[in-house]
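> Could you look at this predicted model? Sequence included:
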Amino acid sequence: MPAEHGPASIDQPQPAHDLEQEVAVRLRLVRLKTRQEFLSVAGARRKFTTPGLMLQAMAQPQGDPASARVGFTASRKVGNSVTRNRAKRRLRALADEVIAARAAGGTDYVLICRQDTATRPYAQLRSDLEAALARLKLLRAPAP
């Protein structure tokens, strides 16, 4: 007689676990470094601005769908060098967290600091980036 409230029996069929479905696909992030790369992304005129950051995006010609190129910039309007570097560090952390896990591959991204980037709460910055990706239709659906 089986126990009604006890642990599941070992003899019962167990659902198959596919490891590939459980592991979220993360993009390999490559840095944009030259002025020409930044200008080409800006020239695509595909951008969205939030209170914490500005996101510019451009599809890579012959882009690898398993990687994305990312660049970061902060003008002197953001603040002194300490403030600019803090803001860029925060955007790099966001890119590692959000773009690598949820953004579309084969795309160039430029994250531009705004005056509130260094002081805005991190959770709000994350939601700003996710909103910008969604608005530009570059946000992948979360893994099931």
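It's in.
> Lowest average confidence across helices and strands of the chain, where is it?
Least confident helix or strand of the chain, by mean pLDDT, DSSP states H and E, is helix 19-22 with a mean of 38.
> quick one: the helices in this structure?
With DSSP state H as the criterion, the chain has helices at 19-22, 35-43, 81-94, 100-102, 122-135.
> Please convert those to TSV, extending it with mean neighbour count.
Heads up, the C-betas are built off the backbone N, CA and C, glycines and all. Formatted as TSV, the helices of the chain follow (neighbours: other Cβ atoms under 10 Å):
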stretch	mean neighbour count
helix 19-22	8
helix 35-43	14
helix 81-94	17
helix 100-102	18
helix 122-135	17
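> Compare the mean pLDDT across those and name the weakest.
Mean pLDDT is lowest for helix 19-22 among these, at a mean of 38.
> Quick one: residues contacting residue 87.
By Cβ atoms under 8 Å, 6 or more residues apart in numbering, residue 87 lies in contact with 74, 78-79, 113, 117-118.
> for the residue most central in space within the chain, what are its contacts?
The centre of the chain sits closest to residue 99, judged by Cα atoms, centre = their mean, with a distance of 1.5 Å. The contact partners of residue 99, taken as Cβ under 8 Å, 6+ apart, are 27, 29, 68, 70, 109, 129, 133.
> contacts for stretch 57-69?
25, 27-32, 37, 40-41, 43-44, 46-47, 99-100, 103-110, 136, 138.
> Quick check: end-to-end length of it?
End-to-end span of stretch 57-69 (Cα to Cα, to the nearest Å): 10 Å.
> Now that stretch: buried residues?
For stretch 57-69, a neighbour-count test (16 or more other Cβ atoms under 10 Å) marks 57-58, 60, 63, 67-69 as buried.
> Tell me which of the residues you listed has the lowest pLDDT.
residue 63 (75).
> Starting from residue 30, give me the distance back to it.
Separation of residue 63 from residue 30 (Cβ to Cβ, to the nearest Å) stands at 11 Å.
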